[in-house]
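Visitor: what's the 3D shape of this:
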Amino acid sequence: MDAADIPQLDATFSALSDGTRRAIVARLADGEASLSQLAEPFDMSLTAVSKHLRVLSDAGLVDVEKRGRTRHCRLRGAPIKEAVDWLSKYEAFWTDRFEALARHLAKDDQDKKERER
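Guide: Below is the predicted model of the structure:
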């Protein structure tokens, strides 16, 4: 990932910073849905859900297509894949840290048992 990808990454993380938008993305991962279908589980107006969809669309995460009187939404995977790829770079770092912590805790347990003898 180079510097040109950073604005897209920022937009992705910003759009996903809201729980409602994450829930919409999770629903769209199952397939295309209409605006009214997306709004069903939320205690908010269609206008409010539309605003969330606009943020997701502006970030490139969702395509919204009007067919007749109905707006249909579908997930775009590329920006999410870029975010996952960026995060995966840090997976080894955190895995190493957790393994070091586990070794430290195991050593502390062993030292404690030896002192108790």
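Visitor: from the contact counts, what lies against the lengthiest helix in the chain?
Guide: If you go by DSSP state H, the chain has its longest helix at helix 91-116. Contact partners of helix 91-116 among helices and strands, from 3 or more C-beta pairs under 8 Å, 6 or more residues apart in numbering; DSSP states H and E: none. Heads up, the C-betas are built off the backbone N, CA and C, glycines and all.
Visitor: quick one: mean pLDDT for that helix?
Guide: Mean pLDDT, helix 91-116: 86.
Visitor: and stretch 31-40, by the same measure?
Guide: Rounded mean pLDDT across stretch 31-40 is 95.
Visitor: so which bits of it are buried?
Guide: For stretch 31-40, burial by neighbour count (16 or more other C-beta atoms under 10 Å) applies to 33, 35, 38-39.
Visitor: of those residues, which belong to strands?
Guide: Of the buried residues of stretch 31-40, the ones assigned to strands by DSSP state E are A33.
Visitor: in this structure, which residue is most central in space?
Guide: L16 (5.4 Å; C-alpha atoms, centre = their mean).
Visitor: so that residue touches I24, yeah?
Guide: No: the criterion here is C-beta atoms under 8 Å, and L16 misses it with I24 at 10.1 Å.
Visitor: excluding chain neighbours, what is closest to H72?
Guide: E65 (5.1 Å; C-beta to C-beta, 6 or more residues apart in numbering).
Visitor: and that neighbour, that's in a helix?
Guide: No: assigned with DSSP: H, G, I helix; E, B strand; the rest coil, E65 falls outside any helix and is strand.
Visitor: now it: how far from L53?
Guide: 12 Å (C-beta to C-beta, to the nearest Å).
Visitor: got it, and D85?
Guide: Using C-beta to C-beta, we find D85 at a distance of 25 Å from L53.
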